[in-house]
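**Q** here is my input; please provide its structure:
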Amino acid sequence: MKTYQLCIAIVASISILSSCNDQLPIVTAPKAQITSYHESTLKSENRNANFNKSINIYIDYSGGMFLPINQCYDLIDEIITITNKKSTVFYNVGLGEPYKIKGNILKPAHPKNPRQNSNYTDAESYLDDAIDSITNDYNSQSIFITDFELYKNGRFDSTPWATLYFENWLLEGHEIDVFAKEFTNKNSRPQYLYLILFTPKNYPTDEAVITRLKAEGYTKKTDLEWFSFSDNLGEIEQNGSYNKLIAPNQEFESDLFAYYEFDLLGIKPVLNNAPLFKNISFKNTSQVYKDLRIDYELTDLTDSFAKKGKGENVDKNVFDIGINNNKEVYEFEVKLSDKLNGLRNQRELYRIDFYLTDANAGFNEERMDNILQWTDSNGTTFSSLNKSLQEAVTRVKLEKKLLYTYYVELSI
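**A** Sure thing, here's the model as predicted:
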């Protein structure tokens, strides 16, 4: 737990205190003003990117895909039905560089109809060219349907050849989701067909394929395994209820921030070391990170809010701020400091930002080893997908990320 202590001038004059209550709040229209201010301070990178509305579907048409397509037909049919739009683009992955397939490939007679397992005949599978194309397109969402066996120039490559591609994609804050469905290969051994989804950072949620799949329960299907790799490590949860004795004069809450206005003289005598407002928690739901490092920053916005300035970082005895971790649930707690005896202004506005600063890689290696790789009858392990993802996650250092913000206005 980290605590900032703030140093404040003591206001003792009763006449000043009584006159201050007549002053208008700094924030007079919380929803409009706080929303506008908050959005103006966020990083704008990629938020207004010119995202492609099309869905790029890369399909491994190598001969080794005959059995997985045959045994996993229902899944392939469902995914194609969900994603097939006029703007959907299908790519052939196999011998040579991936290329856009012309015509309506869903017509039964089309030589690349993905529902026909007899169409999977390419002699080799240049998967690296496909992954290169996908991970260099930051404005498009893509799906790769493959067994992830790179067979090029007459040989299999079972090394972590995709590490750099995955690392560069994840470093930009983009997301990778892997759905795996088991099939039995020609040696009667279990193996998996993979649907790998690549979703750009800040891609509109309501248009993302992963959103649709989650809504339709694909992440919870018993015959599918799901892995997710991104810096979206969890979700904010509202906890507790107000102390009715210290209800705010004004308030506004959203998924990203909250604003509260309090009369300091009214609440301090009855606060009794209780939190100022409902605690917020950040629940870590990540499959690949644990032991999150979360910190906070306290900023005085009293003189800069109207001008949408950044404010001044302060170190004064105003709040006691705590971050408590209970089994990967991180609770944010804000109390008035017991050293607070007054304010230097009639009204003061503070911003408290909680940030994710770092985390440890914490993926389930056993589960990944069982599903994202396979061993043939000769004892050779094909671990390219598994080891590439594990190594990429280990290399990626998370960027500082804002989780939640409190705006607190105090008056005397």
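
**Q** got the buried residues for the longest strand that the chain contains?
**A** Taking DSSP state E as the criterion, the chain has its longest strand at strand 347-361. Under the neighbour-count criterion of 16 or more other C-beta atoms under 10 Å, strand 347-361 has 347, 348, 349, 350, 351, 352, 353, 354, 355, 356, 359 buried. Heads up, the C-betas are built off the backbone N, CA and C, glycines and all.

**Q** which elements pack onto that strand?
**A** Here strand 347-361 touches strand 280-284, strand 289-300, strand 319-325, strand 401-411, going by 3 or more C-beta pairs under 8 Å, 6 or more residues apart in numbering; DSSP states H and E.

**Q** give me the mean pLDDT for the helix or strand just after it.
**A** Sequence-wise, the next helix or strand downstream of strand 347-361 (DSSP states H and E) is helix 365-371. Averaged across helix 365-371, the pLDDT comes to 93.

**Q** now mean pLDDT too, for the helices and strands packed on strand 347-361, in CSV please.
**A** Below are these laid out as CSV (pLDDT from 0 to 100):
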stretch, mean pLDDT
strand 280-284, 91
strand 289-300, 93
strand 319-325, 91
strand 401-411, 93
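
**Q** between those strands, which one is nearest to residue 96?
**A** Residue 96 sits nearest to strand 289-300 of all these, at 37.6 Å, using C-beta to C-beta.

**Q** so the closest one versus strand 319-325, what angle?
**A** Calculated by axes from the mean of the first three to the mean of the last three C-alpha atoms, to 10 degrees, strand 289-300 forms an angle of 170 degrees with strand 319-325.

**Q** so residue 235 is in contact with residue 285, correct?
**A** Yes: in this structure residue 235 lies within contact range of residue 285 using C-beta atoms under 8 Å: 6.4 Å.

**Q** check which element follows the host helix or strand of residue 260 along the chain.
**A** Following DSSP H and E, one finds residue 260 within strand 257-263. Proceeding N to C from strand 257-263, the next assigned helix or strand is helix 264-271, under DSSP H and E.

**Q** same for that following helix, what does it pack against?
**A** strand 329-336.

**Q** give me the buried stretch members for the strand it packs on, please.
**A** 330, 331, 332, 333, 334, 335, 336.

**Q** and of those, the nearest to residue 107?
**A** Of the buried residues of strand 329-336, the one sitting nearest to residue 107 (C-beta to C-beta) turns out to be residue 330, at 52.7 Å.

**Q** what about the helices in the stretch 101-250 of the chain?
**A** 127-135, 163-171, 209-215 (DSSP state H, counting those that start in this stretch).

**Q** same for the first one, what does it pack against?
**A** Using 3+ C-beta pairs under 8 Å, 6+ apart as the contact definition, the elements that helix 127-135 packs against are strand 55-60, strand 89-94, strand 96-100, strand 141-146, strand 150-152, helix 163-171.

**Q** and residue 409, what does it touch?
**A** Residues in contact with residue 409, defined by C-beta atoms under 8 Å, 6 or more residues apart in numbering, are 25, 26, 27, 250, 259, 260, 261, 262, 347, 348, 349, 350.

**Q** which single one of those residues is nearest to residue 79?
**A** Once C-beta to C-beta is applied, the member of the contacts of residue 409 that ends up nearest residue 79 is residue 259, at 43.0 Å.

**Q** spell out which residues make up each domain of the protein.
**A** 14-42+235-362+398-411, 55-230 (automatic domain parsing).

**Q** got JSON lines for those, with distance to residue 380 too?
**A** Formatted as JSON lines, the domains of the chain follow (distance: least, C-beta to C-beta, whole Å):
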{"stretch": "domain 14-42+235-362+398-411", "distance to residue 380": "27"}
{"stretch": "domain 55-230", "distance to residue 380": "7"}
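
**Q** quick one, which of those domains is nearest to residue 370?
**A** Of all those, domain 55-230 sits nearest to residue 370, with 8.8 Å by C-beta to C-beta.

**Q** about what we covered before: quick one: closest of the domains of the chain to residue 377.
**A** Nearest of those (C-beta to C-beta): domain 55-230, 4.5 Å.
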